[in-house]
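Visitor: Give me a 3D structure for the following:
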Amino acid sequence: MPNNIRRYVDLDLNFAANPFGGDVSMNVGDQAVIGSVLNLLLTNHYERPFHPEIGANITKLLFENITSLTANALQREITNTIENYEPRVLLSVVTVTANPDQNGFDVALEFFINNNANPISIALFLERIV
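Guide: Numbers count the residues shown, from 1 in each chain. Okay, here's the model as predicted:
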């Protein structure tokens, strides 16, 4: 393996036990970066000690009316968060669609991970939990 290729490693945030050692499992490669992106999106401001600015803070927008204006605000917030706090990702497409029948928003992300030519796609449904 060449020395200039990075290998991304992160903890599995489900805290699943490794069957061989009993320690916490690791996410490796693309899964580590995908987990980091999802973690950023689902984190609110002031949830991380010593870094209150990190997070998408999209929960506040989920309590607004489900309209295209709120969908645009969500799209801007998601785009700004990923571009500012995840340097391993080159964001390609962020699509947020209001889904008033299910009281939420459909989110589709497409991005490229550094040193990887294959695009990664993530689909989420954001809804408020009462």
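Visitor: I120 in helix, strand or coil?
Guide: Here I120 takes the strand state, with states given by DSSP: H, G, I helix; E, B strand; the rest coil.
Visitor: Okay, buried residues for the lengthiest helix in the chain please.
Guide: If you go by DSSP state H, the chain has its longest helix at helix 68-85. Within helix 68-85, the residues scored as buried using 16 or more other C-beta atoms under 10 Å are 70-71, 73-75, 77-79, 81-82, 85. From N, CA and C alone the C-beta is placed, and that goes for glycine too.
Visitor: Let me have the residues you listed in JSON lines, extended by pLDDT.
Guide: Below are the buried residues of helix 68-85 laid out as JSON lines (pLDDT from 0 to 100):
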{"residue": "T70", "pLDDT": "95"}
{"residue": "A71", "pLDDT": "96"}
{"residue": "A73", "pLDDT": "96"}
{"residue": "L74", "pLDDT": "96"}
{"residue": "Q75", "pLDDT": "96"}
{"residue": "E77", "pLDDT": "95"}
{"residue": "I78", "pLDDT": "95"}
{"residue": "T79", "pLDDT": "96"}
{"residue": "T81", "pLDDT": "94"}
{"residue": "I82", "pLDDT": "95"}
{"residue": "Y85", "pLDDT": "93"}
